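# need a 3D model of the following:
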Amino acid sequence: MTADSANEKERWTEGWAVAADKKLAAWMTPRNLFLALLVFSLVVDLAFGFLFRFRPGPAQLEADELEYYDMASGLMAGTFELTARRTLAYPLLIAGIRSAGASFLLLQAAIAALFSFSAPLLSEVVRKVTGSRAAGALAGLILAVWPPVVFYGVSLYSEALALPVFLLALWALPAGSRTGRPRRRRGWMMTVAAGLLLAAATQVRPMYLIMTPFIALILFFEESDWRLALRRLVLVALAFTAAMLPWSAYMTVRFHHPILVTSNGGETMAGGLNPKLLEPWTQRHVLTYARKTWVGPGKWLPIYETGYLSAAELSLPYDQQDALLKERAVAWIKAHPGTAFHLEACKLLYMWGFYPFLKNGWAQLFLGNIPTMALLSICLFCFATTPAARTALARFWILPVFVTVVAAISWGSWRFRQPGDAGLIAFCVICLLARSAARRGGNSIAAANARETVTAG
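Numbering: from 1, shown residues only. Okay, here's the model as predicted:
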C-alpha cells in the first residue's frame, strides 16, 4: 500500500466518522455511551428473562444447560468427576454464583447481567476500528435487541458468558493501519491481552479454538505492514498457547492421549453427519419448558441416537466413545459423499435462516429467519460494493465466516451464530453510515469512498 493510498484511507475513515458523530449530543462521550448501552441491554435482557425465558427450576432446563448446572452441583458437593467432554470455566462460574447464596432465579439473572456486557463491548470494538461513537452506539443498540442473540444469551447456555469474553478479546486486538486508526503505543500489551482473552473464551466455549486461524486473517487483512502483522500474530499465538498449556497438559496426562481443549470432536461430527437424520420424522419433539423443535437434516443427534455405537459401546468411557464416533462417521462420509454434502448444505441453510420455514412457528420466522436473511443480504451487498471495507472491517465480516465453519463441523445451531450476528450487525452499520454520509453530499471524503475510489492495498 502506498503512502498516498494509506493517507486516503485514513481520510475516508475520519470523514464519515466525523460526519456521523456530529449528530451526537454533548453528553454522549464514550464512557457515557458504554454505560447507557449497558443499562439498556441489562433492562432488555432481564425483562425478557423474567417475562419469558427464566425457568422456575433446574427440571425445566434444556440438555446442555442442565449439564452445566449438574457439573456445578458436583463441584459444590465435591462429587464432580472430570470427563474429556467439557471445560470447567463456565460450571465454575455457575458454582460460584450459587455458592454466594443465589436462588435459581437469581442465578439466571446474574448470568443474564454478565451477558448484557455484549452490546457495549461490541460498541467499543466498532469505535476502536472506526473512531465513530455513533457507529458503535448503533451497532451495540441493535445487538442489545437482536432476538436470536437475546434468546440464547438469556439462558444458562455457555454462550451467555462466551460472547462478552470473546468481544473483549476482539477489542483488545490492535487495529491495523488499513483501518485508518492510529497505532497505539505499547500495542504489544494489547496483543498479548487479546491472546489471553481468546484463550479465556475458548475455556468457556471450546468452539473459539476454531477462531485462532481467523485471528491471523484479521491481522493480515487489516495491516499493510506484513512484518508488524506477523509480530502481532506471534504474540497472540504465544499468549494463547501459554494460557491454554496447563489445561492441555493436564487433560493429556489424565486421559493418556493428546487433548488441546476437549475430546469431543467425534461426537460433534457424528451428531450432524449420520444417516439417522435422513429418516422421516413425523412428530415435533417438545423439549422442556414447552419449547418445540424438530429433527432432520441440518440438525444434530446425541450419541445414543446416531446409530454409530452399539448398546455395549455406549457404556464405554466418553473418550473411547468419541474415538469410535469419529472413526465411524468418517467411514460413513467416505461411503456416502453425496448424502454427507446434502447434510452439510442443510446445516448452513439452517444456520442462516433459509431453511426450514414455520417448523418452529411464526414467531421464529418473523423474529429469526427473516431478520437474519435480511442482515446477511445487506452484508453481502456492502461487501461486494465497498472494496475498502474488505480489509478495514475484516474483524467483522470474518465472524460470520467463522461460525459457518463451526456449523460445517458441528451443526447449524443459532446458538453458535452469536458472534457471527455481532459481526454482521457491526459491518452493516459501518457501511450504511458511510453510504448515508455520501448520499448527503456534504462530505467529499465519504462520497469518494462510496464511489469506491479507495483500494484495499
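
# quick one, longest helix in the protein?
The helix that spans the most residues within the chain, counting by DSSP state H, is helix 226-255.

# packing partners for that helix?
In this structure, helix 226-255 makes packing contacts with helix 187-204, helix 212-222, judged by 3 or more C-beta pairs under 8 Å, 6 or more residues apart in numbering; DSSP states H and E. All C-beta spots, glycine's among them, are computed from the backbone N, C-alpha and C.

# using PDB, write down the CA coordinates of the helix or strand that it is followed by.
Scanning forward in sequence from helix 226-255 by DSSP states H and E, the next helix or strand is helix 265-272. Extracted in PDB, the C-alpha atoms of helix 265-272 (Å, rounded to 0.1, in the frame of the first residue of the first chain):
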ATOM      1  CA  GLY A 265     -14.600 -33.900  18.000                       C
ATOM      2  CA  GLY A 266     -16.100 -37.400  17.200                       C
ATOM      3  CA  GLU A 267     -19.300 -36.700  19.000                       C
ATOM      4  CA  THR A 268     -19.600 -33.200  17.300                       C
ATOM      5  CA  MET A 269     -19.000 -34.600  13.800                       C
ATOM      6  CA  ALA A 270     -21.200 -37.700  14.200                       C
ATOM      7  CA  GLY A 271     -24.100 -35.800  15.600                       C
ATOM      8  CA  GLY A 272     -24.600 -33.700  12.500                       C
END
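
# report the mean per-residue pLDDT for helix 265-272.
Across helix 265-272, pLDDT averages out at 94.

# over to stretch 192-205?
For stretch 192-205, mean pLDDT is 98.

# picking up where we left off before, now do the longest helix of the chain: distance to the chain's middle.
20 Å (C-alpha atoms, centre = their mean, to the nearest Å).

# and the angle for that helix with helix 187-204?
Orientation of helix 226-255 against helix 187-204 (axes from the mean of the first three to the mean of the last three C-alpha atoms, to 10 degrees) gives an angle of 30 degrees.

# how about helix 226-255: buried residues?
By neighbour count with 16 or more other C-beta atoms under 10 Å, helix 226-255 contains the buried residues 228-229, 231-233, 235-236, 239-240, 243-244, 247, 251, 255.

# just to revisit the earlier point, a markdown table please, covering the helices and strands packed on helix 226-255 and showing distance to I259 and mean neighbour count.
A markdown table is the format used below for the helices and strands packed on helix 226-255 (distance: least, C-beta to C-beta, whole Å; neighbours: other C-beta atoms under 10 Å):
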| stretch | distance to I259 | mean neighbour count |
| --- | --- | --- |
| helix 187-204 | 13 | 21 |
| helix 212-222 | 16 | 19 |
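
# would you list those in TSV and tack on distance to S158?
Formatted as TSV, those follow (distance: least, C-beta to C-beta, whole Å):
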stretch	distance to S158
helix 187-204	6
helix 212-222	18
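
# go through those and name the closest to V405.
Nearest to V405 among the helices and strands packed on helix 226-255 is helix 212-222 (8.2 Å), distances taken as C-beta to C-beta.

# got the contact list for that closest one?
Contacts of helix 212-222 with the rest of the structure, by C-beta atoms under 8 Å, 6 or more residues apart in numbering, involve 173, 175-179, 194, 198, 226, 229, 232-233, 236-237, 240, 390-392, 394-395, 398, 401-402.

# now swap in stretch 265-275 and tell me
Under C-beta under 8 Å, 6+ apart, the answer for stretch 265-275 is 85, 299-303, 306-308, 321-330, 332-333, 336, 339-340, 343-344, 347, 409-411.

# try stretch 295-305
Stretch 295-305 has contacts (C-beta under 8 Å, 6+ apart) with 63, 267, 270-272, 274, 276-278, 281, 285, 309, 314, 321, 325, 342-343, 346-347, 349-350, 355-356, 410-413.

# any buried residues in that stretch, and which?
Neighbour-count burial for stretch 295-305 flags 295-301, 303 (criterion: 16+ other C-beta under 10 Å).

# which one of the residues you listed is nearest I370?
Nearest member of the buried residues of stretch 295-305 to I370, counting by C-beta to C-beta, is G298, at 18.0 Å.

# name the element that closest one belongs to?
Short version, using DSSP H and E: G298 is in no helix or strand.

# how about the strands in this structure?
Per DSSP state E, the chain carries strands over the ranges 285-286, 292-293.

# would you single out the least confident of these?
strand 285-286 (a mean of 59).

# and the angle from the longest helix of the chain to helix 212-222?
Using the same axes, to 10 degrees: helix 226-255 against helix 212-222 is 170 degrees.

# quick one: average pLDDT of helix 226-255?
Across helix 226-255, the average pLDDT comes to 96.

# same check, this time on stretch 121-138
Mean predicted lDDT for stretch 121-138 stands at 95.

# pull up the distance across that stretch, start to finish.
One end of stretch 121-138 sits 12 Å from the other (C-alpha to C-alpha, to the nearest Å).

# give me the phi and psi angles of M28.
Dihedral pair for M28: phi -80, psi 60, per degrees, to the nearest 10.

# ok, the residue nearest to it when sequence neighbours are not counted - contacts?
Distances taken as C-beta to C-beta, 6 or more residues apart in numbering put R133 closest to M28, at 6.3 Å, once the chain neighbours are dropped. Contact analysis of R133 by C-beta under 8 Å, 6+ apart lists 21, 24, 28-30, 33, 127.
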